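Quick one: sequence plus predicted model below, questions after.
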Amino acid sequence: MVIAIVGGGAAGCFAAIRAKEENPTAKVVILEKTSHPLAKVKISGGGRCNVTNGAAFHRQLLAAYPRGSKWLKKSFKVFDNHAAMRWFESRGVPLKTEPDGRVFPVTDRSSDIVQCLLTEVERLGIPLKLNTRVNTIKYTDGAWQLISGANGEVLSADKVIVATGGSPRREGLDWLEQLGHRIVEPVPSLFSFNLAPQELLDLPGLSVPQAIVRIEGTRWTHSGPLLITHWGLSGPAVLVLSSFAARDLYDRDYRFNLRVNWTGIRNFEELREHFIAMVQEAPKKHLMAVKPFHIPTRLWQYLLKRAALPEEKPWAELGKKGMNKLIDTLSHDLYQVLGKTTFKEEFVTCGGIDLRDVSPVTMQSKVCPGLFFSGEILDIDGITGGFNFQAAWTTGYIAGTN
């Protein structure tokens, strides 16, 4: 038996390893279009590789997938995040779970994950054919024919696992649509927001530990750390928001109004009580001298100016009108977004093979028996925190098993 894996990324290598373990006598081969297998793993997480997430329960895992959560419910019963952690640690890669749930190699080196996977591929005798782009795939005479390269080299296989990753363009999925699969239009996910030119952009690198961002006129909102960049806003709050609202923002051509609550507190009266307490505790101190909610000094200075409040005004003289202006600025700050910035090396898309055409318990195509899928080629994507890699491990493991 010949099992061909199209794609040498996280999902492809994981699927190949599992397929060979389950079928020791089969010839398993990986076809990678570039000269650098596992390239995305190597650069992920700033070179640390956020392997998975340490969520204790499946419901916590599933909540992190804007697309594919219901479908993955059955898949995680087969191979979940804890199984993935055991898999890597049993192969000599100790892991650590950080307070926010992200899981990394203890060494903080993504190369440890890359080397682990490549070592397993080599140990099992799996050929890894680089610079081999599969252009066409078809089923004839009882076997799959994979045509690759400029010279049209043909590989015949009994089973095929497609793990080519997300496609940023619709035409990159045409070859699979031609086999009868439904395609969900791919659009970017996980990106930062570009703001219209303004003074806030003079504060790159500043952040607040807990903010709330909301796309005006929609239900989309998220809270978390917020980072100011040279071009706009980023950080977990924005990245997660962009993921859940990916299709809506695409339809808006990434032009919309964004409301920012710099305090992380949603209740207006709770905010008022907080500032009344500040007035009582430091009545004679200037507004600039007492900063609330761990807001950085330069950002606080900017927000006071935005609220038209003098820095030297004593808290006792803020008054009801001044307090309302300050609360409104801190909790309903308005910014115009005029585009996005994606992280090219870690590009994530939503869209791909329609999940209705794939079994979540085998990863086999419901349209083409003997054809399987794993990884981002499927219409599955997660927020930041190791969830996209977990989807790769889970779908790769199940595809390889079957």
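Okay, I see it. Bear in mind the structure is a predicted one, so any value in this text is a computation, not a measurement.

where along the protein do the helices fall?
In chain order, the chain shows helices spanning 10-22, 39-47, 58-62, 69-76, 81-89, 110-123, 174-177, 236-244, 246-251, 268-281, 297-306, 319-331, 387-401, with DSSP state H as the criterion.

Please name every helix or strand in contact with the last one.
In this structure, helix 387-401 makes packing contacts with helix 10-22, strand 52-53, helix 69-76, helix 81-89, strand 159-162, strand 371-373, judged by 3 or more Cβ pairs under 8 Å, 6 or more residues apart in numbering; DSSP states H and E. Yep, even glycine has a C-beta here, placed from its N, CA and C like the rest.

before we move on, back to that, show me the one of the helices of the chain that comes nearest residue 348.
For these, proximity to residue 348 was assessed by Cβ to Cβ; helix 387-401 is nearest, at 6.2 Å.

Now the residue lying farthest from the centre of the chain. Nearest residue, chain neighbours left out?
Most distant from the centre of the chain: residue 284, at 47.1 Å, with distances by Cα atoms, centre = their mean. Nearest non-adjacent residue to residue 284, counting by Cβ to Cβ, 6 or more residues apart in numbering: residue 314, 5.5 Å away.

again, but for residue 10
Closest to residue 10 by Cβ to Cβ, 6+ apart is residue 392, at 4.2 Å.

Number of residues surrounding the one you found?
Neighbour count of residue 392, defined by other Cβ atoms under 10 Å: 29.

And it, how close does it get to residue 127?
Using Cβ to Cβ, to the nearest Å, residue 392 is found at 21 Å from residue 127.

now do residue 294
Counting by Cβ to Cβ, the gap between residue 294 and residue 127 amounts to 54 Å.

Look at the closest residue in space to residue 49 that isn't next to it in sequence and report its pLDDT.
Nearest residue to residue 49, sequence neighbours excluded (Cβ to Cβ, 6+ apart): residue 110, at 3.4 Å. Residue 110 carries a pLDDT value of 97.

before we move on, the earlier item: mind giving me JSON lines with the helices and strands packed on helix 387-401 and columns for distance to residue 101 and mean neighbour count?
What follows is the helices and strands packed on helix 387-401, written out as JSON lines (distance: least, Cβ to Cβ, whole Å; neighbours: other Cβ atoms under 10 Å):
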{"stretch": "helix 10-22", "distance to residue 101": "19", "mean neighbour count": "27"}
{"stretch": "strand 52-53", "distance to residue 101": "5", "mean neighbour count": "28"}
{"stretch": "helix 69-76", "distance to residue 101": "16", "mean neighbour count": "17"}
{"stretch": "helix 81-89", "distance to residue 101": "10", "mean neighbour count": "18"}
{"stretch": "strand 159-162", "distance to residue 101": "29", "mean neighbour count": "27"}
{"stretch": "strand 371-373", "distance to residue 101": "27", "mean neighbour count": "27"}
